[in-house]
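Trainee: Sequence and predicted structure below; questions after.
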Amino acid sequence: MFNSKNMASMGQNITGCLAVILVSVFITVGCANNKSPVTSGIGTSAMIQGDDFSKHLEVQNADLAKKLVISDVKSRKNNGLLQVNLTLTSRYEKSQKLQYHFNWFDEAGFVIEVGKTPWIPLELQGKQSTTLPGLAPNINVSTFNVYVRAIPEKAYKY
Amino acid sequence: MNKLALVTTLGLTLVFAAGCANKAVVRYGDATAVETTDINFGSTDLQKVASQMTDSLLLSPVVGTLTQNTRPVMFVERLKNKTSEHIDTESITDSISTKLLRSGKFRFVDMGRVEAAREQLKFQHDGGMVDPNTASQFGRQIGAQYMLYGNLSSIVKSNQDKSDVYYKFTLRLMDLESGLVEWADETEIRKTKAKESVGW
C-alpha cells in the first residue's frame, strides 16, 4: 500500500505547505504595521442656519456609518456668531475613538479660517449619544459642514 | 527537493523582511489632525483648549453685552503653568488671543512689546530723522479695560499597566477698573495610555 515513491511525494507536499505557511507568517508579521488606516468618515454637505440636516447627510465610510449616526444638527445665531450643535449616536456596543471637525464658509461659499479649525478628539461609549458644540470663528460665517472620522488605533508606517 | 523548498522559504522570507524594514520617509501631515504620539501635552490639547475657551468666552451672555456696541480692549497676562511638564503657555495664550482678535469682538494691547514700542517712539521724536508732523505721539495709547489670565494644572497617575493624565485649564476675564471677574471657565482633558495585550 505505501510504496517509497508515494512516501517521497507526501514529504514534498508537506514541505511545500510548510514553506507557504512560513512565508505567509513572515509577511504578516513583517508588514503588520504597513497597512494604511481608513480615514474616510461621515459628514454633512454645506448647510445654512436652520436647514434640515437629514437632507445633507453624506456617508463616505459605510463601515463607520453602521456604527455611528449623525442624529441631529442644530444651528442658531448667538452673539452674532453661528453656533452649531452636532448630535452623534453610537449604534455599536463598544467604545469608539473619533475626531470631528467643522468647516465654515461665508455667504458666497468661500471657506473661512481654513486650516485653523482643529479636529477635536472624542471617545464615544457603546450606544452613547452625545452633543458636540461648534462656533463660527467670526460673524461672516453663514454656512458650515461637519465631518466625523475614526482615530487610527495603531501606529502605522507609510 | 526538500532542501530546495527550505532555501526558497528562507530566501523569500529574507526578501520580505528586507522589504518591510524601516525606511526613513519624510511627509507633511495635517497640523490640525488629532495627534496621539504620547501622553504629554500635545498640539491637539493646545488646539482643543484654545478653541473651547474662545468659544465659551464668545458665547457667554456677559461678553455678548460687553461687545454689543464696542470692541473692548484686553490684555493677556501670562498663564501659570502648574503642571509637572514644561509647557509653553505663551503659545496657548497666543492662540486664544489670536482667535478672539480674529472674531472681531475684541481688541488687544500687547504688554510683551512695550519696550520695543517705546524705543520706536523715542526714535521718532529724538532721532532727528522723522518728520515731527508724522511722528506718533507719546501718551496716546489706549488702556486695556479687561485682563485675561489663567492657570493650567495637571494630575498624573500611573501604575505598571496604565498611565493617566488629567489637565485642567482655567481662564478668567477681569474688569481692571472694578476688579470684578466678569467671566470664567474651565476646560478639562483626560488622556490615558495602556498596554495592549495583542499586537495587531
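Mentor: Thanks, I have the structure now.
Trainee: Any regions of the chain where pLDDT drops low?
Mentor: By default, I'm working from chain A. A:1-13, A:15-20, A:22-34, A:154-158 (pLDDT under 70).
Trainee: ah, no, chain B please
Mentor: Using pLDDT under 70, the flagged stretches of chain B are B:1-2, B:9-22, B:197-200.
Trainee: Please enumerate the helices of it.
Mentor: Secondary structure of chain B (DSSP state H): helices at B:2-19, B:43-59, B:61-66, B:89-102, B:114-126.
Trainee: what does chain A give?
Mentor: With DSSP H as the criterion, chain A has helices spanning A:4-30, A:62-67.
Trainee: Residue B:84 touches residue B:156, doesn't it?
Mentor: Yes. Counting by Cβ atoms under 8 Å, residue B:84 does reach residue B:156; the two are 6.0 Å apart. Where you see a C-beta, it was placed from the backbone N, CA and C, and this is true even at glycine.
Trainee: Of those two, which one has the most company?
Mentor: Higher neighbour count among residue B:84 and residue B:156: residue B:156, with 15 against 11, using other Cβ atoms under 10 Å in any protein chain shown.
Trainee: Without its sequence neighbours, what residue ends up closest to that one?
Mentor: What sits nearest to residue B:156 in space, not counting adjacent residues and going by Cβ to Cβ, 6 or more residues apart in numbering or on different chains, is residue B:165, at 4.9 Å.
Trainee: Look up how far chain A lies from that neighbour.
Mentor: Applying Cβ to the nearest Cβ, to the nearest Å, the value for residue B:165 to chain A is 14 Å.
Trainee: Surely that residue touches residue B:155?
Mentor: Yes. Proximity of residue B:165 to residue B:155 meets the contact threshold set by Cβ under 8 Å, at 7.4 Å.
Trainee: The two - which one has more neighbours?
Mentor: residue B:165 (21 against 12).
Trainee: so that one bridges to which residues?
Mentor: Here residue B:165 sits in beta bridges with residue B:156, residue B:191, going by DSSP bridges.
Trainee: cool, residue A:78 as well?
Mentor: Residues in a beta bridge with residue A:78, per DSSP bridges, are residue A:81.
Trainee: and it, how many residues sit next to it?
Mentor: A count of nearby residues for residue A:78, using other Cβ under 10 Å, gives 15.
Trainee: now residue A:150
Mentor: Neighbour tally, residue A:150, other Cβ under 10 Å: 19.
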